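Peer 1: need a 3D model of the sequence below.
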Amino acid sequence: MDLLELLKKRYSVRKFDGRKVEKEKLDLILEAGRVAPTAVNFQPQRILVIESEQALQKLKECTPYHFNAPLALLICFDKNVSWKRGHDNYEMGVVDASIVTTQMMLEIENLGLGTTWVGSFKPELLRTFFNIPENYEPVAILPVGYPAHDSAPNPHHNERYDLSHTVFYNSF
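Peer 2: The predicted structure is shown next:
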């Protein structure tokens, strides 16, 4: 499939059919994250695979946006490893973790699975339930699974501004 076609086809899946994600597919998703570009190639991403029933139950206490997926990925970055921009010490770990998350989202779609980016969660509960070190910063959760047969994009999914609304040349 052409990349632009894949990008347009992908949508936020919020309803799963309950089938488990095969280890081979999980490995491909994680590999897509591993090869993502990061600032200075420091690779600060730290990914927690949440797959046991007990861990998935804990996740449900951290966010209402778990969608009963059979698998979830918690994407964090290590603040001790991430690159900080020299002149203002701007933290690039969030950017790095976002690139990693996006590449995994695209591989998930490519494999016939579904997900949605979850940014609404209780970080302190995540830290407690999943023993997240203080230097790891949670950025996103990806619930992953096979879309339910009646899963569909949000009705506004294909509504996009014209490029002239969001792209400027040489000056704003």
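Peer 1: need the contact partners of the lengthiest helix in the chain.
Peer 2: In the chain, ranked by residue count with DSSP state H as the criterion, the top helix is helix 93-110. With contacts defined as CB atoms under 8 Å, 6 or more residues apart in numbering, helix 93-110 is touched by 1, 6-7, 9-10, 28-33, 35-39, 42-45, 47, 73, 75-79, 81-83, 114-115, 117, 137, 139-140, 142, 144. Heads up, the C-betas are built off the backbone N, CA and C, glycines and all.
Peer 1: of these, which belong to helices?
Peer 2: Those of the contacts of helix 93-110 lying in helices (DSSP H): L6, L7, K9, L28, I29, L30, E31, A32, G33.
Peer 1: Throw those into JSON lines and include pLDDT, thanks.
Peer 2: Below are the ones in helices among the contacts of helix 93-110 laid out as JSON lines (pLDDT from 0 to 100):
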{"residue": "L6", "pLDDT": "95"}
{"residue": "L7", "pLDDT": "95"}
{"residue": "K9", "pLDDT": "94"}
{"residue": "L28", "pLDDT": "98"}
{"residue": "I29", "pLDDT": "98"}
{"residue": "L30", "pLDDT": "98"}
{"residue": "E31", "pLDDT": "98"}
{"residue": "A32", "pLDDT": "98"}
{"residue": "G33", "pLDDT": "98"}
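Peer 1: give me the buried subset of the residues you listed.
Peer 2: Among the ones in helices among the contacts of helix 93-110, those scoring as buried are I29, A32, G33 (criterion: 16 or more other CB atoms under 10 Å).
Peer 1: who are the contact partners of the second one?
Peer 2: Contact criterion CB under 8 Å, 6+ apart gives Q103, M104, L106, E107 as the residues in contact with A32.
Peer 1: for the residue nearest to the second one when sequence neighbours are not counted, give its distance to R46.
Peer 2: Spelled out, it's M104. In this structure, M104 finds its nearest non-sequential neighbour in G33, 4.5 Å apart by CB to CB, 6 or more residues apart in numbering. The gap separating G33 from R46 is 10 Å, by CB to CB, to the nearest Å.
Peer 1: just the strands in this structure please.
Peer 2: Under the criterion DSSP state E, the chain contains strands at 45-50, 71-78, 114-115, 136-145.
Peer 1: for the shortest one, packing partners?
Peer 2: Using 3 or more CB pairs under 8 Å, 6 or more residues apart in numbering; DSSP states H and E as the contact criterion, the secondary-structure elements in contact with strand 114-115 are helix 93-110, strand 136-145.
Peer 1: quick one: the most centrally placed residue in the chain from G86, how far?
Peer 2: The residue lying closest to the centre of the chain (CA atoms, centre = their mean) is T101, at 3.7 Å. The gap separating T101 from G86 is 25 Å, by CB to CB.
Peer 1: I appreciate the help and will end here.
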